[in-house]
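*Asks:* What follows is a predicted structure for the sequence shown.
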Amino acid sequence: MRSWERFVADRLARARLPREIQDDVITEIAAHLEECEEELRAAGDADARGGALGQVQDWRAFGRRIRRSKEGDMKTLRRIVLPGVAAAIASIASLKLFVYLLITPAECGPDTTCILVSADGPAYLPWLATLPLAGALGAALASFQDATPRQRLVASIFPALYLAADILGLAVFDAFYWRVPVYWVLIPAIACALGAWPLLGGRARGFAGPPVAAAAEP
Amino acid sequence: MKTSQSVSPQIKRGSAELAVLSVLAETPLHGYEIAKRIREQTGGAVSFDVAALYPILYSMERRGWVDAYWEEASSGRRRRCYRLTADGKGRLLPLRREWREFFRGLNRLARFSDA
């Protein structure tokens, strides 16, 4: 039994199952495979172990399916969307602040003033400088929710994703926005990711590594 | 679960739920026994391997259709048993009805085709 548990633990290590369920899942799957092996051996199968191992063709996909089955869709919302929205709100707030502080409304008609915000305006670079903080906020909040490094990265670039969605939305009504260069979104995304970078390493907080180091076949 | 690749995921999932809930409606069982009973009771036409069975069981547990508890076998092996909850029974009844209608329709269609 221990050898099956070691085998299953090793194969499921990359699935990063939450710590509170990991041991139970390993014990349960190992018991199933062991019973399968015993039944095949009793039936005279010369390769009972091979037969039991054939129950799972792709352990990575199996691990992902277990994780999704255990967690459902709400975890994705908590791990990616909510931290990402928080990062996007922080970036919008900083943009509003810099626009308020650095841009003087220009007259663009009789009794009408306009605020022009563009990549060559005075608010852009200070705003860009704060994006690593917004990205770090998104990644930190995602990390707090036990997100994987990839989920943390996605949460961190939400400000750029929001910007892209905003530009695409405006492009529906104004052809000018079709000419917006890609770097308008790409550079903010890189700035956000740079801020998240120190938080992308290592395992998620709530996940345990494999409980045993051995990778031997049973 | 061995089914054709062309069968839609909804049908696969629905048939898997029906199979698992049906055997659990008889008595609480652990995972290996669930797979074994399904295989035996369908004459081998439907069979679950580990990779197919446990994601379904965990998903059902999360939805509250089944309840799990640990027991120790006489061999000393710990096994996780599943039993149907009231929600699971509530899910099984319409599922049986839907599949009965589905197969009835298919039967009618097959007879027309034969003619």
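*Replies:* Nice, I can see it. Residues are numbered from 1 along each chain as shown, chains lettered A, B, ... in the order given.
*Asks:* any idea how far the residue lying farthest from the centre of chain A lies from A:A142?
*Replies:* If you look at how far each residue of chain A sits from its centre, by Cα atoms, centre = their mean, the farthest one is A:P110, at 48.9 Å. Per Cβ to Cβ, to the nearest Å, A:P110 is found 49 Å from A:A142. C-betas here are computed from N, CA, C, even on glycine.
*Asks:* Show me how chain A divides into domains.
*Replies:* Domains of chain A are assigned by automatic domain parsing as A:2-71, A:74-199.
*Asks:* What backbone torsions are found at A:V56?
*Replies:* Here is the backbone geometry of A:V56 (degrees, to the nearest 10): phi -130, psi 110.
*Asks:* what's the nearest residue to it if we skip its chain neighbours?
*Replies:* Using Cβ to Cβ, 6 or more residues apart in numbering or on different chains and skipping residues adjacent in sequence, the residue nearest A:V56 is B:A51, 4.6 Å away.
*Asks:* Okay, and that neighbour sits in which element?
*Replies:* helix B:50-63 (DSSP states H and E).
*Asks:* Enumerate the positions of the helix or strand just after that helix that are buried.
*Replies:* Next helix or strand after helix B:50-63 toward the C-terminus (DSSP H and E): strand B:66-72. Within strand B:66-72, the residues that count as buried by 16 or more other Cβ atoms under 10 Å in any protein chain shown are B:66-68.
*Asks:* Where do the helices of chain A begin and end?
*Replies:* A:2-12, A:19-42, A:48-53, A:59-71, A:74-76, A:82-102, A:124-144, A:149-156, A:158-173, A:183-196 (DSSP state H).
*Asks:* can you tell me which of these the model trusts least?
*Replies:* With a mean of 71, helix A:74-76 has the lowest mean pLDDT of these.
*Asks:* Get me the contact residues on chain B for chain A.
*Replies:* Counting by Cβ under 8 Å from any Cβ of the partner chain, chain B comes close to chain A at B:30-32, B:35, B:49-51, B:54-59, B:62, B:77-80.
*Asks:* Can I get the buried part of those residues as one ChimeraX selection?
*Replies:* To isolate the buried ones among the residues of chain B next to chain A in ChimeraX, judged by 16+ other Cβ under 10 Å, type:
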select /B:30,31,32,35,49,50,51,54,55,56,57,58,59,77,79,80
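*Asks:* The helix or strand B:R37 falls within vs strand B:66-72, what angle?
*Replies:* Applying DSSP H and E as the criterion places B:R37 in helix B:31-41. Going by axes from the mean of the first three to the mean of the last three Cα atoms, to 10 degrees, helix B:31-41 is angled at 110 degrees with respect to strand B:66-72.
*Asks:* Give me the buried positions along helix B:31-41.
*Replies:* Using 16+ other Cβ under 10 Å as the test for burial, helix B:31-41 gives B:31-39.
*Asks:* Give me the distance between the helix holding B:A51 and the centre of its chain.
*Replies:* 10 Å (Cα atoms, centre = their mean, to the nearest Å).
*Asks:* now it: mean pLDDT?
*Replies:* Confidence for helix B:50-63, expressed as mean pLDDT, is 92.
*Asks:* and what of stretch B:87-102?
*Replies:* Stretch B:87-102 comes out at a mean pLDDT of 90.
*Asks:* got the buried residues for that stretch?
*Replies:* The neighbour-count check on stretch B:87-102 (16+ other Cβ under 10 Å) flags B:88, B:91-92, B:95, B:99 as buried.
*Asks:* ok, of the residues you listed, which one's closest to A:G121?
*Replies:* Comparing these against A:G121 with Cβ to Cβ places B:R91 closest, at 58.0 Å.
*Asks:* Who are the contact partners of the closest residue to the closest one other than its chain neighbours?
*Replies:* The spatially closest residue to B:R91, leaving aside those adjacent along the chain, is B:W65, at 5.3 Å (Cβ to Cβ, 6+ apart). By Cβ atoms under 8 Å, 6 or more residues apart in numbering or on different chains, the residues touching B:W65 are B:21, B:84-85, B:87-88, B:91.
*Asks:* List the ones among those that fall in helices.
*Replies:* Checking the contacts of B:W65 against DSSP H, those in helices are B:21, B:87-88, B:91.
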